[in-house]
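In: Predicted model follows, preceded by the sequence.
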Amino acid sequence: MADQSAPIEDGCFDRNNAKLSLSVEHPDHLVQIGFWPQSAAKVHKAVATRFKSKKTMPPGQFVSKGEALCIRSAFDAYLLINVDPVAARGDLSPDACAVTDLSHSRAAIAIVGPAVERFLNCDIAIDFSLEACPVGSAVQTSMHHIPVLLLRHAPERFVLYVYRSYARDLAGWMADMASPFQAG
């Protein structure tokens with residue numbers, strides 16, 4: 001039996017075309033910053049400063065600075081992508097927040113093309129139109145009964161983060177589901 005926790009192979013999606021493309025991405029780091037109510041203002045300010053944001057992001061949004069991403073994943077947490085775990089803490093003290101390296105916990109799959117919204121709606125009952133889910137949106141839901149985090153990077157580009165232990169199963173299912181969108 002194959003090791004289900006092994007990373008998804010880069011070549012697992014081989015039926016890409018102009019309508020829909022699925023590919024594996026390899027973020028350098030994933031770091032969670034969890035904080036307590038008494039330190040929320042300090043953490044929000046530190047994150048806003050790092051990512052040059054003028055205000056605190058509400059849950060369900062993300063911002064980027066170069067390759068680094070900051071997702072407000074919950075009322076009391078941020079998920080940072082492509083930010084070194086040591087750098088993620090910055091000058092925040094351990095009594096202000098908990099910084100956890102999750103780099104080996106998730107795999108990333110990019111879904112790109114004009115059919116991306118229709119493809120996602122094959123299994124997810126969420127309005128992915130640009131009006132309801134603009135660029136910069138972060139949606140935590142499930143796909144194929146598997147918890148996922150979807151980030152909308154562009155009108156026709158989402159990146160899906162899935163727990164590594166489910167990644168191969170979801171990748172295979174997604175490749176099968178993408179077939180109708182990829183037919184010539």
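Out: Arrived safely, thanks for sending.
In: phi, psi of the residue nearest to residue 26 when sequence neighbours are not counted?
Out: Closest residue to residue 26 apart from its sequence neighbours, by C-beta to C-beta, 6 or more residues apart in numbering: residue 108 at 7.1 Å. Bear in mind the C-beta positions are built from the backbone N, C-alpha and C, glycine included. In terms of degrees, to the nearest 10, the main-chain angles of residue 108 are phi -120, psi 140.
In: Is residue 19 in contact with residue 116, as I believe?
Out: No. Because the distance of 9.2 Å does not satisfy C-beta atoms under 8 Å, residue 19 is recorded as not touching residue 116.
In: and these two? which has more neighbours close in?
Out: Legend: neighbour count by other C-beta atoms under 10 Å for residue 19 and residue 116, higher for residue 116 (23 against 18).
In: before we move on, the earlier item: ok, the residue nearest to residue 26 - how many residues close by?
Out: Other residues near residue 108 number 19, with proximity taken as other C-beta under 10 Å.
In: Could you do residue 75 as well?
Out: With neighbours defined by other C-beta under 10 Å, the count for residue 75 comes to 10.
In: Quick check: pLDDT value at it.
Out: Residue-level confidence at residue 75 comes out at 93, pLDDT.
In: Need the nearest residue in space to it, chain neighbours excluded.
Out: Counting by C-beta to C-beta, 6+ apart, the residue nearest residue 75 is residue 59, at 5.8 Å.
In: Can you name the residues that contact the residue nearest to residue 26?
Out: For residue 108, the set of contacting residues under the criterion of C-beta atoms under 8 Å, 6 or more residues apart in numbering consists of 24-27, 159-162.
In: Report the separation between residue 35 and residue 106.
Out: Relative to residue 106, residue 35 is positioned 21 Å away (C-beta to C-beta, to the nearest Å).
In: meant to ask about residue 86, not that
Out: 20 Å.
In: These two: which is more packed in?
Out: For residue 86 and residue 106, the more surrounded residue by other C-beta under 10 Å is residue 106, and the numbers stand at 20 against 11.
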